[in-house]
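**Q** sequence and predicted structure are below.
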Amino acid sequence: MKDQGQNNSRGLTHGAEFLATWRRGEGPRALTEYLFPDLSRDSSSSDKAKEMLSDEEESALAGMVHFFLQTRYEEALAEAERCMSSRYPEIRDFALLAHALINVAQQKIEVTLNDFVVLQQKLHCSENRRAAALNDIYRYVLSVFFHLGEDIAPIPPESIPYCSEGSRLFVLYARSYALYLLQEYDQALGVAEAALLMAANRHPLISIYLNLAASMAAMNLSHFKRADRFFLNALELASPEGYIQPFIGHHGPLQGMVEKHIRDREPKLYKMIAEKVVRFRSGWTEIHNPQSSTKVTNLLTPYEFALAMLASKGKTNKEIADYLHISINTVKSHLSTIYQKLGISKRTDLNQCLNK
């Protein structure tokens, strides 16, 4: 995976060159078509036929997705703000959700919380059925990933027919993640694997997320080889475009996958991921549990956090050593440092600390 950064040689530009780049049937432009396949043919908001997306709208929507996935947050934010003034409610709401997530990554918590308030209000007054269905998805996603005072409720069945195939697959990814949080790892893995079968030969982005969800579940079932395979599948799909955001957002639940497969092989890439993990994890914690008196995310390095996650899930020192290809003494040394930083004295206290 290439070091993208601000000088990304594959970076996008606006206008004709931008659109020509993605009209080959790959990348974020194809993703927007996958998520909003019939956008121009909906007439539920007006009796007049809507025009096709303009090049400017399409460019902004594709850029928002692409730049966010590359962790080029400032550029993604600019495109999201352009999309938030779209004439299409589906695009406006999607952009608002993206705007919130970008600001989590930048630790702009007040902006994120305001976005969530506005988005929650929109969930109850959608302008058409397709927008309402997408908003049901956004409500579900927020309840899964941020626990904003709501139970993790399923998507209403009546909303599903109005969702695109890409949206439905994303719901299955979120469902797998929800089952993971409920510690129903067998079911989480089953949902992710079934969705991967349905996602075959479709846009690769959803498969990145589904493979990561499957890897998380497999790790907790101690199916290490399967977990490796799913993670490497995701990495192979993400590498051509430098899409590192999925690995940042899933760093903790992946329990050392980034450390095992990227840290030594691609140190520059690992450094970039590790730096952004710290910021994203800290922002997520502020949303998830602002009352936490001990910010574990600020106390541990990404490597220490990954090792602590493995230990908290019941993995022995030998299992951790074998998995990360380090010595048992190195594991013990890291755990000792972790205990000291967290102010605990035994392994059984780890789970409570990591889930505050």
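**A** Perfect, thanks for sending it. Residues are numbered from 1 along each chain as shown.
**Q** tell me which helix or strand the closest residue to residue 75 other than its chain neighbours sits in.
**A** Using C-beta to C-beta, 6 or more residues apart in numbering and skipping residues adjacent in sequence, the residue nearest residue 75 is residue 67, 4.2 Å away. Where you see a C-beta, it was placed from the backbone N, CA and C, and this is true even at glycine. Assigned by DSSP states H and E, residue 67 falls within helix 55-69.
**Q** now do the next helix-or-strand element following that helix: which elements does it pack against?
**A** Using DSSP H and E, the helix or strand that follows helix 55-69 in sequence is helix 73-83. Packing partners of helix 73-83 (3 or more C-beta pairs under 8 Å, 6 or more residues apart in numbering; DSSP states H and E): helix 55-69, helix 89-105.
**Q** could you give me the average pLDDT of helix 73-83?
**A** Averaged across helix 73-83, pLDDT comes to 94.
**Q** again, but for stretch 304-324
**A** For stretch 304-324, mean pLDDT is 91.
**Q** one step back: show me the contacts for the residue nearest to residue 75.
**A** By C-beta atoms under 8 Å, 6 or more residues apart in numbering, the contact set of residue 67 is 12, 73, 75-76, 79.
**Q** how close does it get to residue 137?
**A** According to C-beta to C-beta, to the nearest Å, residue 67 stands 22 Å off from residue 137.
**Q** with residue 177 instead?
**A** 13 Å.
**Q** now residue 218
**A** Here the criterion is C-beta to C-beta. By it, residue 218 lies 25 Å from residue 137.
**Q** do the same with residue 263
**A** In terms of C-beta to C-beta, residue 263 sits 34 Å off from residue 137.
**Q** repeat for residue 179
**A** Here the criterion is C-beta to C-beta. By it, residue 179 lies 17 Å from residue 137.
**Q** so where's the chain uncertain?
**A** Scanning the chain for pLDDT under 70 picks out the ranges 1-29, 31-32, 38-53, 122-127, 147-153, 288-297, 355-356.
**Q** quick one: residue 229 from residue 239, how far?
**A** Distance from residue 229 to residue 239, by C-beta to C-beta: 16 Å.
**Q** next up, the contacts around the residue nearest to residue 68 when sequence neighbours are not counted.
**A** Leaving aside its chain neighbours, residue 68 sits nearest to residue 76 (4.0 Å; criterion: C-beta to C-beta, 6+ apart). Taking C-beta under 8 Å, 6+ apart, we find residue 76 in contact with 63-64, 67-68, 98, 102.
**Q** now, of the residues you listed, which are buried?
**A** 63-64, 67-68, 98, 102 (16 or more other C-beta atoms under 10 Å).
**Q** between those, which is nearest residue 213?
**A** Within the buried ones among the contacts of residue 76, the smallest distance to residue 213 is 18.8 Å, found for residue 68 (C-beta to C-beta).
**Q** I'd guessed the closest one sits against residue 102; true?
**A** Yes. Residue 68 lies in contact with residue 102 (C-beta atoms under 8 Å); the separation is 5.9 Å.
**Q** can you map out the strands along the stretch 151-300 of the chain?
**A** For the stretch 151-300 of the chain, applying DSSP state E, counting those that start in this stretch gives no strands.
**Q** next one: residue 89 from residue 64, what distance?
**A** Distance of residue 89 to residue 64, computed by C-beta to C-beta: 16 Å.
**Q** where does residue 86 land in three-state SS?
**A** Following DSSP: H, G, I helix; E, B strand; the rest coil, residue 86 is assigned to coil.
**Q** tally up the residues packed near it, please.
**A** 19 (other C-beta atoms under 10 Å).
**Q** again, but for residue 329
**A** 10.
**Q** could you do residue 335 as well?
**A** The number of residues packed near residue 335 is 18, by other C-beta under 10 Å.
**Q** what sits up against the helix or strand encompassing it?
**A** Element membership for residue 335, per DSSP H and E: helix 328-342. Identification of contacts with helix 328-342 by C-beta under 8 Å, 6+ apart yields 294, 296, 299-300, 303-304, 307-308, 311, 317-318, 320-321, 324, 345-347, 349-350, 353.
**Q** narrow those to those that are buried.
**A** Among those, those classed as buried by 16+ other C-beta under 10 Å are 296, 300, 303-304, 307-308, 311, 317, 320-321, 324, 347, 350, 353.
**Q** narrow the residues you listed to those in helices?
**A** In helices, defined here by DSSP state H, the members of these are 296, 303-304, 307-308, 311, 317, 320-321, 324, 350, 353.
**Q** among these, which two are most distant?
**A** Using C-beta to C-beta, those reach their maximum pairwise distance at 296 and 321, which is 22.7 Å.
**Q** okay, the angle between the helix holding residue 67 and helix 89-105?
**A** Taking axes from the mean of the first three to the mean of the last three C-alpha atoms, to 10 degrees, one finds that helix 55-69 is oriented at 30 degrees with respect to helix 89-105.
**Q** relative to helix 73-83, how tilted is helix 55-69?
**A** If you take the same axes, to 10 degrees, helix 55-69 sits at 150 degrees to helix 73-83.
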